[in-house]
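> model the structure of this input:
(one chain, ligands or ions: 3)
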Amino acid sequence: MSLPEKAFPVSWDQFHRDARALAWRLSGVNGQWKAIVCITRGGLVPAAIISRELGIRLIETVCVASYHDYVSQGQLKVLKDVNPALLEDDGEGTLIIDDLTDTGKTAAIVRAMMPKAHFATVYAKPKGRPLVDTFVTEVSQDTWIYFPWDLGFTYQKPIAEDHAG
Ligand SMILES: O=P(O)(O)OC[C@H]1O[C@H](OP(=O)(O)OP(=O)(O)O)[C@H](O)[C@@H]1O
Ligand code: HPA
Ligand SMILES: [Mg+2]
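Ligands and ions are numbered 1, 2, ... in the order given. This next block holds a predicted model:
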């Protein structure tokens, strides 16, 4: 297993600001969303922030798992489908939320369930970007985003020591 070249660590504060920025963008897209479908587990945190900002109280989940460790993506498994009531009208008026899109495979599976829904993520990498309607920040494909719920405080070597032969 090889780690991606670049690291993009995100603090709670930064994540809150970025998720709020996503809510601002979404508020300009549609007056009123019927419901949020959040893709667990990563979509749970931005969905909480966006539901608060946009006053959306109907929250549904679709449970998808794929990454077994940091980098390698296994077979995608849908552990729980969306409530069938939300699949009527092909998901029109529904907002799908995830923390990020990377290869776009998760987005493609969930989009196929609700083709008319609006798909939004906080972060996007180039391969997944065409599958997302609204996002806030793009990072390169060779970057790994470290979310605050996966991090703890650790000692950081000075940059100069990293470069020393
Ligand atoms: O665009 P893709 O290459 O499909 O990757 C993006 C997905 O990968 C991560 O979820 P993961 O499956 O690791 O599960 P988690 O949300 O429970 O951490 C992330 O939260 C996205 O849902
Ligand atoms: O860059 C990432 N960070 C965290 N989880 C992920 N799942 C796919 N890509 C990523
Ligand atoms: Mg996820």
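> excluding chain neighbours, what is closest to Glu92?
Lys116 (4.1 Å; Cβ to Cβ, 6 or more residues apart in numbering). From N, CA and C alone the C-beta is placed, and that goes for glycine too.
> so how far is ligand 2 from the most centrally placed residue in the chain?
Central residue of the chain (Cα atoms, centre = their mean): Asp99, 1.8 Å from the mean position. Going from Asp99 to ligand 2 by Cβ to the nearest ligand atom, to the nearest Å gives 7 Å.
> does that residue belong to a helix, a strand or coil?
strand (DSSP: H, G, I helix; E, B strand; the rest coil).
> the helices in this protein, which residues?
Under the criterion DSSP state H, the chain contains helices at 12-27, 44-54, 105-113, 159-163.
> so can I have TSV of those helices showing distance to Lys125, mean neighbour count and mean pLDDT?
Putting the helices of the chain into TSV (distance: least, Cβ to Cβ, whole Å; neighbours: other Cβ atoms under 10 Å; pLDDT from 0 to 100) gives the following:
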stretch	distance to Lys125	mean neighbour count	mean pLDDT
helix 12-27	15	16	98
helix 44-54	16	19	98
helix 105-113	11	18	96
helix 159-163	25	7	82
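> TSV for the ones you listed, including distance to ligand 1?
Shown next, in TSV, are the helices of the chain (distance: least, Cβ to the nearest ligand atom, whole Å):
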stretch	distance to ligand 1
helix 12-27	13
helix 44-54	8
helix 105-113	3
helix 159-163	28
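> and this structure, which of its residues are near ligand 2?
67, 100, 102, 144-145, 147 (Cβ under 6 Å from any ligand atom).
> go again using 5 Å as the cut-off
Residues of the chain lying near ligand 2 by Cβ under 5 Å from any ligand atom: 67, 102, 144-145.
> quick revisit: relative to Gln73, which of the helices of the chain is closest?
Counting by Cβ to Cβ, Gln73 lies closest to helix 105-113 out of those; the figure is 7.1 Å.
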